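Participant: Turn this into a model:
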Amino acid sequence: MSLAHLLKVFIISASPIAELRLALPLALYDYGMPWHLALPLSLLGNLLPVPFLLLLLEPLSRLAARVRLLERALNWIFRHTRRRGKLVEKYERLGLVLFVAVPLPGSGAWTGSILAFLLGLNFWTAFLCIALGVFVAGVVVTALSLLGWIGGLIAGVGLIVLLSLGLWRI
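Facilitator: From the prediction side, this is the model:
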């Protein structure tokens, strides 16, 4: 384990889409980090962009409204995020925690920050809910990763159940 590995885990956990859902298994399996180092490093990396997103989404959306291409891109992101955010709209703070906590693609700290902005949550409420969700997701991903193939099986069954429930409602 080197400084380069630590930086890679931190940067991957801070990136959109991958977040700590990819960074933790990478740290544990590919880099051989102990979980008690990989988990806090991934949590910090995943939370790093949240304050910036919460503070800058408002001015960015106003700026993007002046440039047609940016406005279209931002509106697409907002529409896509709103579709995923029914749980958050219904349960607000608890919904935001759960939305961020469930380690599924498109449901992490980045999307949670966008949803908090769209719902008009204040900075501290949004940040605390997202931080709690990231912590829960980190514990879940760490536990499943440490279980090895059994954790993969549990995650796969959980994903199939969630997808089935989602399709059943449709």
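Participant: Lowest average confidence across helices and strands of this protein, where is it?
Facilitator: helix 149-169 (a mean of 74; mean pLDDT, DSSP states H and E).
Participant: what comes into contact with that helix?
Facilitator: Contacts to helix 149-169, defined as C-beta atoms under 8 Å, 6 or more residues apart in numbering, come from residues 102-104, 143-145, 147. To be clear about C-beta, it is placed using only N, CA and C from the backbone, and glycine gets the same treatment.
Participant: can we see that at 7 Å?
Facilitator: Residues outside helix 149-169 that contact it (C-beta atoms under 7 Å, 6 or more residues apart in numbering) are 143-145, 147.
Participant: now these: which count as buried?
Facilitator: 144-145 (16 or more other C-beta atoms under 10 Å).
Participant: Pipe the contacts of helix 149-169 into JSON lines and attach pLDDT, distance to F52 and secondary structure per row.
Facilitator: Shown next, in JSON lines, are the contacts of helix 149-169 (pLDDT from 0 to 100; distance: C-beta to C-beta, whole Å; DSSP: H, G, I helix; E, B strand; the rest coil):
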{"residue": "A143", "pLDDT": "90", "distance to F52": "29", "secondary structure": "helix"}
{"residue": "L144", "pLDDT": "88", "distance to F52": "29", "secondary structure": "helix"}
{"residue": "S145", "pLDDT": "90", "distance to F52": "28", "secondary structure": "helix"}
{"residue": "L147", "pLDDT": "88", "distance to F52": "34", "secondary structure": "coil"}
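Participant: Between the contacts of helix 149-169, which sits nearest G45?
Facilitator: S145 (15.9 Å; C-beta to C-beta).
Participant: Now do the helices in this structure.
Facilitator: 3-14, 19-25, 35-47, 49-64, 68-84, 86-101, 109-119, 123-146, 149-169 (DSSP state H).
Participant: Run through the residues that contact the residue in the chain sticking out farthest from the centre.
Facilitator: Computed with C-alpha atoms, centre = their mean, the residue of the chain farthest from its C-alpha average is R66, at 28.9 Å. Residues near R66 by C-beta under 7 Å, 6+ apart: none.
Participant: Could I get the phi/psi values of it?
Facilitator: phi -90, psi -20 (degrees, to the nearest 10).
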